[in-house]
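missing the sequence, but the structure's below:
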């Protein structure tokens, strides 16, 4: 039974995300998702109890990606770039969802904890250690404690993502987020993106 549920969940999630992107989270019903996925409502309810649980499943998958992929972390040239790899993983989810759906989810997060901020801050222990290393290496010049800077950098990514949603995706999310991180952490000039182009 669990195997058939996992086979069912993927097409349901894919159908739901397509509809959420097109119509917005609040304007999609379970019936809409079932029709898009070509399944009966009973099949939907075998896997999920409601459409919010689809979001929880997506966030769970995002946690798995954070924990599973280490190649890009190992290949990064320094610890600030490793921090950026971790931040880009969260930004990739927002880019995949698009500004409309991401904005809806951020709005939901304000009303009830759907887990978005939790997923972002699960990386804090890694970011704290990487911040410390990058400060010792002279890459991050901001002298504040890593325990303050790392969560602040994660919150800054969230703020830039919110602004990207508000502006309907009219600017490059990754470019703006990178610029904000470089300014907030006070990255040494030779490590900034502009110096690498």
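Done, it's in. Everything numeric here is computed off the predicted structure, so don't read it as measured data. Numbering: from 1, shown residues only.

Do a quick rundown of the helices in this structure.
2-23, 30-37, 41-47, 51-68, 71-75, 79-111, 116-121, 124-136, 146-166, 173-185, 193-196 (DSSP state H).

per-residue confidence averaged over the fourth one?
Meaning helix 51-68. The pLDDT scores in helix 51-68 average 70.

any chance of the helices of the chain in JSON lines, plus mean neighbour count?
C-betas here are computed from N, CA, C, even on glycine. As requested, these are exported to JSON lines (neighbours: other C-beta atoms under 10 Å):
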{"stretch": "helix 2-23", "mean neighbour count": "16"}
{"stretch": "helix 30-37", "mean neighbour count": "17"}
{"stretch": "helix 41-47", "mean neighbour count": "15"}
{"stretch": "helix 51-68", "mean neighbour count": "15"}
{"stretch": "helix 71-75", "mean neighbour count": "11"}
{"stretch": "helix 79-111", "mean neighbour count": "19"}
{"stretch": "helix 116-121", "mean neighbour count": "18"}
{"stretch": "helix 124-136", "mean neighbour count": "19"}
{"stretch": "helix 146-166", "mean neighbour count": "19"}
{"stretch": "helix 173-185", "mean neighbour count": "18"}
{"stretch": "helix 193-196", "mean neighbour count": "10"}
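
domain assignment for the chain?
Using automatic domain parsing, the domain parsing of the chain gives 1-49, 56-196.

chain center to the first one: distance?
Distance of domain 1-49 from the chain centroid (C-alpha atoms, centre = their mean, to the nearest Å) equals 21 Å.
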